[in-house]
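Undergrad: Sharing a model prediction with you, sequence too.
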Amino acid sequence: MKEEHTLDQNKAPIYEALQTFRQMRVVPFDVPGHKRGRGNPELTRFLGEQCVSIDVNSMKPLDNLCHPVSVIKEAEELAAQAFGAENAFFMVNGTTSAVQSMVLAACKKGEKIILPRNVHRSVINALVLCGAIPVYVNPEVDPRLGISLGMKSTAAPIVIIGVAIIVSFLAAGGSLTTNAANYGELFSKGLYGIGIAAVGMLSTLGITLATDAYGPVADNAGGIAEMSGLGEEVRNRTDALDSLGNTTAATGKGFAIGSAALTALALLVSYVDVVKVKVDTLDLSITNPAVLVGLFVGAMLTFLFAALTMSGVQRAAQSIVVEVRRQFKEIAGIMEYKADPDYASCVDLCTKGALHEMVVPSLLAIVVPVVTGLILGAEAVVGLLGGVTVTGFVVAVFMSNAGGAWDNAKKYIESGTHGGKGSDCHKAAVIGDTVGDPFKDTSGPSLNILIKLCSTVSIVFSGLITSIHLLG
């Protein structure tokens with residue numbers, strides 16, 4: 001009677017065979033189609049130089065990939081059992097072999113397959129072999145979604161803010177004629193008008209807070225509906241409300257960053273007035289190297305600050321993922337609703353992570369203006385404030401709108417379009433939303449704080465900056 005073959009998921013047949021081969025005294029005479037382990041020292045240390053200096057098909061103890069009968073066959077059976085599949089097959093030669101195998105398995109001679117024009121050549125090779133007919137399409141980007149939308153959305157706010165600055169400056173009695181005899185007095189009047197315009201934007205605080213609060217309320221309602229096991233109809237309605245909430249939140253953030261830009265202009269002039277009292281001359285022309293370098297530093301500061309805040313979100317989120325996995329592993333019955341998760345630990349991790357990850361970005365906004373002033377002088381700080389205000393405003397609008405578009409794109413697909421939930425489009429949209437959330441909820445809104453904080457710090461430390469100038 002034939003013995004039943006028992007599989008042991010604790011075994012690693014191929015690895016064990018490699019370790020056996022590693023101890024053998026084998027001298028390679030063939031020319032392998034790889035780099036003999038160069039560029040991958042970790043793999044060389046793991047497998048040994050013997051295993052990376054010879055082609056797989058020449059390793060007799062490793063079975064034959066084309067017709068496995070021993071360790072490779074056992075490994076394929078273990079993989080099939082682990083994934084609940086009837087069969088599993090291993091491939092070599094990387095992506096090319098895998099792509100060709102998929103096309104050859106799915107397409108017959110004369111059948112049509114839709115392909116982008118920039119498809120990999122391995123697909124073309126497979127089409128030649130199987131005789132399928134390619135139908136080419138041009139890969140395009142929907143201009144209404146994602147990064148392109150966010151970039152395009154900065155145009156209107158810039159024009160509106162620019163018009164608001166000029167109109168408020170002139171309406172308050174300012175003049176654009178810089179050679180007027182009483183230009184100093186006219187400029188002060190115009191600056192007062194810009195300040196009043198900023199206050200006017202802030203006077204809409206009530207409706208701005210309402211639009212900002214609407215989004216999280218709708219989002220939480222959707223989460224509660226899903227966790228409570230309510231019907232699909234309820235979830236569809238909350239998703240529609242949440243999509244609108246992303247739009248209203250972007251509008252509210254636009255008001256906040258717009259008022260920050262106007263306020264920063266007033267603070268910038270205040271800094272200049274304070275410095276003029278303490279120094280004999282102040283050259284703020286764009287041809288001044290210190291001012292120009294300050295502009296570049298200010299522009300860089302915006303992107304570095306945004307990068308740090310996004311990275312902070314990623315690290316805090318990863319800690320939550322690790323904690324949730326731990327609870328699933330150690331607390332039995334969570335998915336069967338027989339045991340309650342440890343919600344407090346997740347909330348504690350999230351709160352501590354949020355506070356801890358903001359330390360470096362906050363210090364950056366405080367230290368960089370002071371260090372720039374101490375090294376390059378007060379003129380460089382003016383350039384820095386100008387650079388961080390301009391780039392901060394544009395990037396904040398871009399991030400808020402692009403992030404909201406990514407979130408809404410995911411909800412749009414989840415409504416049943418483009419394959420719905422679980423489709424490849426949905427998986428891509430989830431990745432986009434993972435980037436969009438820190439875009440619209442963290443980095444974008446925090447930039448208005450960066451703009452105002454840099455201006456405030458510059459004014460506070462203006463005395464130190466004018467007293468110590470390392471390159472002066």
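TA: Arrived safely, thanks for sending.
Undergrad: what's the following helix or strand after the helix or strand bottoming out on mean pLDDT in the chain?
TA: Evaluated with mean pLDDT, DSSP states H and E, the helix-and-strand set of the chain has its lowest mean pLDDT in helix 49-52, which scores a mean of 68. Using DSSP states H and E, the helix or strand that follows helix 49-52 towards the C-terminus is helix 71-82.
Undergrad: in that next one, what's buried?
TA: Along helix 71-82, the positions that meet the burial threshold by neighbour count (16 or more other C-beta atoms under 10 Å) are 71-72, 74-78. (C-beta placed from N, C-alpha, C; glycine too.)
Undergrad: Could you dump the residues you listed into a markdown table with pLDDT and distance to residue 337 added?
TA: Output for those, formatted as a markdown table (pLDDT from 0 to 100; distance: C-beta to C-beta, whole Å):
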| residue | pLDDT | distance to residue 337 |
| --- | --- | --- |
| 71 | 82 | 43 |
| 72 | 82 | 43 |
| 74 | 85 | 39 |
| 75 | 85 | 38 |
| 76 | 85 | 38 |
| 77 | 87 | 36 |
| 78 | 87 | 33 |
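Undergrad: from these, which is closest to residue 353?
TA: Taking C-beta to C-beta as the measure, residue 353 sits nearest to residue 78 out of those, at 38.5 Å.
Undergrad: So that closest one is in contact with residue 14, correct?
TA: No: with contacts defined as C-beta atoms under 8 Å, residue 78 does not count as touching residue 14, sitting 9.8 Å away.
Undergrad: Tell me where the stretch 301-450 of the chain is predicted with low confidence.
TA: Within the stretch 301-450 of the chain, not a single segment meets pLDDT under 70.
Undergrad: which residues in it form helices?
TA: For the stretch 301-450 of the chain, applying DSSP state H, counting those that start in this stretch gives helices covering 343-357, 359-376, 378-414, 424-438, 444-460.
Undergrad: Of those helices, give the one that comes closest to residue 221.
TA: Evaluated over those, closeness to residue 221 peaks at helix 378-414, with 13.6 Å, by C-beta to C-beta.
Undergrad: what's the angle from the closest one to helix 424-438?
TA: For the pair helix 378-414 and helix 424-438, the angle between their directions (axes from the mean of the first three to the mean of the last three C-alpha atoms, to 10 degrees) equals 150 degrees.
Undergrad: Now do helix 378-414: distance to the chain's middle.
TA: 13 Å (C-alpha atoms, centre = their mean, to the nearest Å).
Undergrad: for this protein, what spans make up the strands?
TA: Secondary structure of the chain (DSSP state E): strands located at 112-116, 133-137.
Undergrad: What strands flank the first one, and is each parallel or antiparallel?
TA: The partner list of strand 112-116 in its sheet, established with DSSP bridges, is strand 133-137 (parallel).
Undergrad: and the strand it pairs with, what's its mean pLDDT?
TA: Strand 133-137 comes out with an average pLDDT of 76.
Undergrad: And for stretch 110-127?
TA: Here the mean pLDDT over stretch 110-127 is 79, rounded to a whole number.
Undergrad: In that stretch, which of the residues would be classed as buried?
TA: 113, 115, 122-123, 126-127.
Undergrad: Endpoints of it, how far apart?
TA: Taking C-alpha to C-alpha, to the nearest Å as the measure, stretch 110-127 stretches 10 Å from start to finish.
Undergrad: so how far is that stretch off the chain centroid?
TA: Taking the mean of its C-alpha atoms, stretch 110-127 sits 32 Å from the chain's own mean (C-alpha atoms, centre = their mean).
Undergrad: How many residues are close by the nearest residue in space to residue 153 that is not next to it in sequence?
TA: Using C-beta to C-beta, 6 or more residues apart in numbering and skipping residues adjacent in sequence, the residue nearest residue 153 is residue 401, 4.1 Å away. When neighbours are counted by other C-beta atoms under 10 Å, residue 401 registers 26.
Undergrad: So residue 401 sits against residue 149, correct?
TA: Yes: with contact defined as C-beta under 8 Å, residue 401 and residue 149 form a contacting pair (6.4 Å).
Undergrad: hmm, back to that, ok, which of the helices of the stretch 301-450 of the chain comes nearest residue 265?
TA: Here helix 378-414 is closest among the helices of the stretch 301-450 of the chain (C-beta to C-beta), at 7.1 Å.
Undergrad: elements contacting that closest one?
TA: In terms of contacts (3 or more C-beta pairs under 8 Å, 6 or more residues apart in numbering; DSSP states H and E), helix 378-414 is packed against helix 146-152, helix 155-171, helix 232-278, helix 289-330, helix 359-376, helix 424-438, helix 444-460, helix 462-467.
Undergrad: would CSV of those with mean neighbour count and distance to residue 397 be doable?
TA: Conversion of these to CSV gives the following (neighbours: other C-beta atoms under 10 Å; distance: least, C-beta to C-beta, whole Å):
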stretch, mean neighbour count, distance to residue 397
helix 146-152, 17, 8
helix 155-171, 15, 5
helix 232-278, 19, 6
helix 289-330, 17, 12
helix 359-376, 18, 19
helix 424-438, 17, 14
helix 444-460, 23, 8
helix 462-467, 17, 29
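Undergrad: Nearest to residue 132, out of the ones you listed?
TA: Comparing the helices and strands packed on helix 378-414 against residue 132 with C-beta to C-beta, the closest turns out to be helix 424-438 (20.6 Å).
Undergrad: tilt between the closest one and helix 444-460?
TA: Taking the same axes, to 10 degrees, helix 424-438 and helix 444-460 form an angle of 20 degrees between their directions.
Undergrad: Between helix 289-330 and helix 424-438, find me the angle.
TA: Comparing the axes of helix 424-438 and helix 289-330 via the same axes, to 10 degrees yields an angle of 120 degrees.
Undergrad: For helix 424-438, which outside residues touch it?
TA: 146, 309-310, 313-314, 402-407, 409-410, 413-414, 418-420 (C-beta atoms under 8 Å, 6 or more residues apart in numbering).
Undergrad: May I have that helix as PDB, with CA atoms only?
TA: Extracted C-alpha coordinates of helix 424-438, given in PDB (Å, rounded to 0.1, in the frame of the first residue of the first chain):
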ATOM      1  CA  ASP A 424      -6.800  46.700  -9.100                       C
ATOM      2  CA  CYS A 425      -8.200  50.200  -9.500                       C
ATOM      3  CA  HIS A 426      -9.400  50.200  -5.900                       C
ATOM      4  CA  LYS A 427      -6.000  48.900  -4.600                       C
ATOM      5  CA  ALA A 428      -4.300  51.800  -6.500                       C
ATOM      6  CA  ALA A 429      -6.800  54.300  -5.100                       C
ATOM      7  CA  VAL A 430      -6.200  53.000  -1.600                       C
ATOM      8  CA  ILE A 431      -2.500  53.700  -2.100                       C
ATOM      9  CA  GLY A 432      -3.300  57.200  -3.400                       C
ATOM     10  CA  ASP A 433      -5.500  57.800  -0.300                       C
ATOM     11  CA  THR A 434      -2.700  56.700   2.000                       C
ATOM     12  CA  VAL A 435      -0.600  59.500   0.500                       C
ATOM     13  CA  GLY A 436      -3.500  61.900   0.300                       C
ATOM     14  CA  ASP A 437      -4.400  61.800   4.000                       C
ATOM     15  CA  PRO A 438      -1.100  63.200   5.300                       C
END
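Undergrad: How far off centre is it?
TA: Its chain's C-alpha centre and that of helix 424-438 lie 10 Å apart, by C-alpha atoms, centre = their mean.
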